[in-house]
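[1] Quick check, what structure comes out for this input:
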Amino acid sequence: MVFSALQVSQKFIFVVSIMLVAFISECRVFSGILSKAMETKFEVIRFEHFTSPDDFLSNPMVEFPVIIFKLTDQEKFDSRVTHIKQRFPAADVIGLMLGKNYKTLKGREKSFDYLFTDSEIEEKLNVYISQRFSKQVSFSDNFKIEHLKRKYIHLHPLKSRCFSLILQGKTAAEIALEMNKSTRTIEKYIIYLRQYFSVDKKKDLIEIGRQIQT
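    Residues are numbered from 1 along each chain as shown. Prediction:
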């Protein structure tokens, strides 16, 4: 639910829009650290923590425009996610996947509007929130950057991980070693990323990364 907080002075009325975000995680430490980091950077959001999907569903009806799940490899969440998406059809449902066993991601992407993993979690949440509250402007360069941010947020976790390592200056061989993939597979990922972002060279991918993170 988006609330309006009014602060009245003698001459002016200031309107501050606050967005409530539901954070479903069995680990309060993880959700607390991430929530604090996001709330410090973005004063317009407030997180409400729930220990499980059942805990969330048992609460009185509240409109959450954004619902975040922190996932583990063992969780059985599919039916609960479906139920929550039916209850909040207009909400963005974001999955946070910890652990490098990316095989467990197979099929899970379809359950969420966004799925962020490991080291990309905070960065992609930053991009998502800044994009959600960005002002529409008439300059084509700014529209281009917003378009790149939207594409970045929707990037498949494996490709996103590869992209992140490219931005760190790693070679295809180094990325292959870190991601436990063949160099040939990583080279295919890089070709995919160039096509995805419509650039010809690897250095252009790095420039796009710089613009996204600005």
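[2] C-alpha only now, for contacts and for neighbours.
    Will do.
[3] hmm, who's touching stretch 120-131?
    When contacts are defined by C-alpha atoms under 8 Å, 6 or more residues apart in numbering, stretch 120-131 is touched by residues 34, 38, 42, 96, 116, 146, 149-150, 153, 160-161, 164, 212-213.
[4] From those residues, which land in helices?
    Within those, residues falling in helices by DSSP state H are 34, 38, 146, 149-150, 153, 160-161, 164, 212-213.
[5] May I ask which two of the residues you listed are separated the most?
    Pairwise distances across the ones in helices among the contacts of stretch 120-131 peak at 23.7 Å for L34 and E146 (criterion: C-alpha to C-alpha).
[6] between the two, who's got more neighbours?
    For L34 and E146, the more surrounded residue by other C-alpha atoms under 10 Å is E146, and the numbers stand at 20 against 17.
[7] one step back: I'd like to know which of the contacts of stretch 120-131 are buried.
    34, 38, 96, 116, 146, 149-150, 153, 160-161, 164, 212 (16 or more other C-alpha atoms under 10 Å).
[8] how far out from the middle of the chain is stretch 89-98?
    Relative to the centre of its chain, stretch 89-98 is centred 8 Å away, using C-alpha atoms, centre = their mean, to the nearest Å.
[9] Using PDB, list the CA coordinates for it.
    Taking Å, rounded to 0.1, in the frame of the first residue of the first chain, the C-alpha atoms of stretch 89-98 are listed here in PDB:
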ATOM      1  CA  PRO A  89      -2.100  -9.800  -8.700                       C
ATOM      2  CA  ALA A  90      -0.700  -6.200  -9.100                       C
ATOM      3  CA  ALA A  91       2.300  -6.800  -6.900                       C
ATOM      4  CA  ASP A  92       5.900  -7.500  -8.200                       C
ATOM      5  CA  VAL A  93       7.000 -10.800  -6.600                       C
ATOM      6  CA  ILE A  94      10.800 -11.000  -6.300                       C
ATOM      7  CA  GLY A  95      12.700 -14.100  -5.400                       C
ATOM      8  CA  LEU A  96      16.200 -13.900  -3.700                       C
ATOM      9  CA  MET A  97      18.100 -17.100  -4.200                       C
ATOM     10  CA  LEU A  98      21.200 -17.800  -2.100                       C
END
